[in-house]
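K.L.:
Provide a 3D model corresponding to the input given below.
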Amino acid sequence: MTLLITVFAAAISTILWYNSKTDRKLGTLALMYWGASLMWLVDAVVEYIELGAEFFEQAPADMINDAYLGLSVVALGIVIWLVVLLVKDPEGKVRAMLAAK
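P.N.:
From the prediction side, this is the model:
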């Protein structure tokens, strides 16, 4: 479930990044989500190698926990992206606001 959620987040952020002709600030967010998707893919492959067919027979509680983890990863990615965006301040808006005070 974590893999599925992060792949959807990566695909959506990549589509938004690709469609924004003038604004390329979403590239960092897309790369973070693709990195998380790759991490969960490797985790799923290793877990499948260890468990075999039992990998596909998860309890509903485990699936809910995985969904919460996936949503937490997406939320944390957005928070980190916003912090990076505020620190870089590509348009100088934060710097201008702080200088006005």
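K.L.:
report all helices and strands that the longest helix anywhere in the chain contacts.
P.N.:
Identified as the longest helix of the chain according to DSSP state H is helix 60-88. Secondary-structure packing of helix 60-88 (3 or more C-beta pairs under 8 Å, 6 or more residues apart in numbering; DSSP states H and E): helix 2-19, helix 27-51. Every residue, glycine included, has its C-beta placed from N, CA and C.
K.L.:
list the buried ones in the last one?
P.N.:
For helix 27-51, the buried set under the neighbour-count rule, 16 or more other C-beta atoms under 10 Å, comprises 28-30, 32-34, 36-37, 40.
K.L.:
kindly report the same for stretch 15-28.
P.N.:
17, 26, 28.
K.L.:
hmm, who's touching it?
P.N.:
Stretch 15-28 has contacts (C-beta atoms under 8 Å, 6 or more residues apart in numbering) with 13, 29-30, 81, 84-85, 90.
K.L.:
turn these into JSON lines, including pLDDT and distance to Y48.
P.N.:
Shown next, in JSON lines, are the contacts of stretch 15-28 (pLDDT from 0 to 100; distance: C-beta to C-beta, whole Å):
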{"residue": "S13", "pLDDT": "93", "distance to Y48": "27"}
{"residue": "L29", "pLDDT": "91", "distance to Y48": "29"}
{"residue": "A30", "pLDDT": "92", "distance to Y48": "27"}
{"residue": "W81", "pLDDT": "92", "distance to Y48": "30"}
{"residue": "V84", "pLDDT": "90", "distance to Y48": "34"}
{"residue": "L85", "pLDDT": "87", "distance to Y48": "37"}
{"residue": "P90", "pLDDT": "76", "distance to Y48": "41"}
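K.L.:
ChimeraX command for the buried members of those?
P.N.:
For anyone working in ChimeraX, the buried entries among those, judged by 16+ other C-beta under 10 Å, can be selected with:
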select :13,29,30,81,85
